[in-house]
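Student: Need a 3D model of the following:
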Amino acid sequence: MALIPLAPTEVEHFRREGYLVRQEFMLDEVTELQNMVASLLSPLPGRNPRITMHSALTDPEFARFPNNPYATYHVVNTVLAGENWISLMADHRLIDTVCELLSPSVDLDMSFLRMRPSGLRMEAPWHRDADTDKFDDHRGVTSLVYLHDMTAASGATRVIPASRGYSHRSLESQNVSVDELESAAIPIEQPAGTVLYLSSSVVHRGDWNRTQDESGVLAFEYRAAGNNRHMGTSEDPALTDLPVARPGWRLSMPSRWFSAIS
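Tutor: This next block holds a predicted model:
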């Protein structure tokens, strides 16, 4: 699928609301993404120790979670799982869109996987990425790749549009109530293959999956070059500050994550 350049209205929407939705991946590509994730969630020997797996179960339940036997809900540093993962992170559809929304000079911040196993109440709290990741400023974009059709019931990311009005550093300092946040939020319900581009200044959270179906997103966080991360996190992000774009240059991998990409 060739990249469709952003329309001026899309850029305007992102700058005003703090997010943008685009259908970036074809169905056969989504299947390949799901296969990559299933392999990552399998108990494989020799996995890079910096790939951090957060799971709800210590003993597998294949009957309940056939593609996610340990009910893994968070995996950090997916780019260390192989060249195909780095290639996916550097997919020019993602990078070109991020550059149009953010800056012609972009670095990787971190990579992770958020799975929402059926019935497992694991919710991400209200936050903005620029605060939790301790950036200099708000010049960051997170690309959330929908692995499955996402609805409010299956845990679609909830976003508060135009929430840059809250202070950059802290929601708590403004005494913003949970009820106020919830009433202003909308679930970003979209089909598999959609990418939700989130400004690092927009307030959002992950919900839990109330359905019987699989649900999950792949996430790649990017920062404008020079927008530094000041404090490390417990997640130990790998390849942070890796340049992925500069004016007239894009990071290219010798192999593609999906063979159908020309």
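Student: list the buried ones in stretch 128-135?
Tutor: Going by neighbour count (16 or more other Cβ atoms under 10 Å), the buried part of stretch 128-135 is 128-131, 133, 135. Every residue, glycine included, has its C-beta placed from N, CA and C.
Student: Just checking: the least confident one among these is which?
Tutor: Checking pLDDT across these, the minimum falls on D133 at 70.
Student: Next, the contact list for it, please.
Tutor: By Cβ atoms under 8 Å, 6 or more residues apart in numbering, D133 lies in contact with 109-110, 140, 200, 221, 229, 233.
Student: Can you list which of these are found in strands?
Tutor: In strands, judged by DSSP state E, the following of the contacts of D133 are found: 109-110, 140, 221.
Student: Kindly give a single ChimeraX line that selects the buried subset of those.
Tutor: Selection of buried members from those for ChimeraX, criterion 16+ other Cβ under 10 Å:
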select :109,110,140,221
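Student: Now the two most distant members of the ones in strands among the contacts of D133.
Tutor: Across the ones in strands among the contacts of D133, the longest distance by Cβ to Cβ is 10.4 Å; it joins M110 and G140.
Student: Any chance you could list residues touching both of these two?
Tutor: Counting by Cβ under 8 Å, 6+ apart, the contacts common to M110 and G140 are 133, 221.
Student: residue ranges with poor pLDDT in the protein?
Tutor: Within the chain, the segments meeting pLDDT under 70 span 1-3, 164-178, 230-235, 255, 258-262.
Student: mind listing the strands for it?
Tutor: With strands called from DSSP E, the chain shows them at 19-23, 52-55, 72-76, 106-115, 140-146, 158-159, 186-187, 194-199, 204-205, 216-224, 243-246, 249-250.
Student: That concludes my questions; thank you for your assistance.
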